[in-house]
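**Student:** I'll drop the sequence and a predicted model, then ask my questions.
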Amino acid sequence: MSSFLQFSFRSFVSFSFGVTSFFVYLIGVDLGFFLTLLISLSTGVLVYLIIKRIQFRLWLNKNGLTSKEFRYIKKNLKEAKEKINRLQKQQLKVRSLGAFKQILDINRLSRRIFQLVKKEPKRYYSAESFFYYHLDSVVEITEKYTFLASQPGKNKESFLSLQQTRTTLDELTRSLEDDLQNVLASDVDTLQFELHFANKHISQKKDLK
């Protein structure tokens, strides 16, 4: 169930409980209109929070995570988002077409890994190298590269440093590609299994003809 549908469901149920409790308290208990309204609103809010908690627990169970694990992953995702935002800002600071394309690829891979893990937090454990090492490296090196590339009056040593940095970014891009493959590994395995099963089923049908 999507987040919107979950929100709609608990809003509908809590509203229904709130309205029902209002009439029950108003008719069955002589508390006065305003106190009855306050209690019914509190009932609706309480039902809303209980349903939200149950939905969250069900979601955790579905993803095979504990509350502690989810908080840890959420914290790392927040930090990663800030780093990716820093990385995206470097995109417009380069003048070289080759460097622009290189940083664009790095941004694309980083955002893709981030979105996959955000959507399915259990994938985090397949991308720990991305969150712990590779993202930090590409952000730091890209920022240094764009800073150095923007400086006027470059000498031979500066050009050499820029070239070495570009080479390092190429290697890090390949590392990000490996990280993405690791995140998608379970999907690839599932697809291979389904293809194998489908091909086996087709072969059996052919043999029966």
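**Tutor:** That came through, no problem.
**Student:** The residue of the chain most remote from its centre: what's it in contact with?
**Tutor:** Here the centre of the chain is the reference, and by C-alpha atoms, centre = their mean the most remote residue is D30, at 50.7 Å. For D30, the contact set (C-beta atoms under 8 Å, 6 or more residues apart in numbering) is empty. To be clear about C-beta, it is placed using only N, CA and C from the backbone, and glycine gets the same treatment.
**Student:** K74 and L116, how far apart?
**Tutor:** 15 Å (C-beta to C-beta, to the nearest Å).
**Student:** Between the two, which has more neighbouring residues?
**Tutor:** Between K74 and L116, L116 has the larger neighbour count (other C-beta atoms under 10 Å), namely 18 against 13.
**Student:** Let me know the secondary structure of the residue nearest the centre of the chain.
**Tutor:** With distances taken as C-alpha atoms, centre = their mean, K118 lies nearest the centre of the chain, 1.4 Å away. Here K118 is recorded as helix under DSSP: H, G, I helix; E, B strand; the rest coil.
**Student:** Just to check, it is in contact with K74?
**Tutor:** No. K118 lies out of contact with K74 (C-beta atoms under 8 Å); the separation is 9.2 Å.
**Student:** Low-confidence regions, the chain specifically.
**Tutor:** 1-2, 153-154, 186-209 (pLDDT under 70).
**Student:** Tell me how it divides into domains.
**Tutor:** Per automatic domain parsing, the structural domains of the chain span 3-63, 84-208.
**Student:** ok so, going back, quick one, phi psi at the residue farthest from the centre of the chain?
**Tutor:** phi -90, psi 80 (degrees, to the nearest 10).
**Student:** Distance check, it against V24.
**Tutor:** 13 Å.
**Student:** Number of residues surrounding R71?
**Tutor:** With other C-beta under 10 Å as criterion, R71 counts 11.
**Student:** secondary structure class for it?
**Tutor:** Assigned with three-state DSSP, R71 falls in the helix class.
**Student:** give the contact list for it.
**Tutor:** With C-beta under 8 Å, 6+ apart as the criterion, no residue contacts R71.
**Student:** so L172 makes contact with V139?
**Tutor:** No. Using C-beta under 8 Å, L172 is not in contact with V139, being 10.1 Å away.
**Student:** Just read off the phi/psi values of the nearest residue to L31 once chain neighbours are set aside.
**Tutor:** Excluding the flanking residues, the one nearest L31 by C-beta to C-beta, 6 or more residues apart in numbering is Y25, at 6.2 Å. Main-chain torsions, Y25, degrees, to the nearest 10: phi -70, psi -40.
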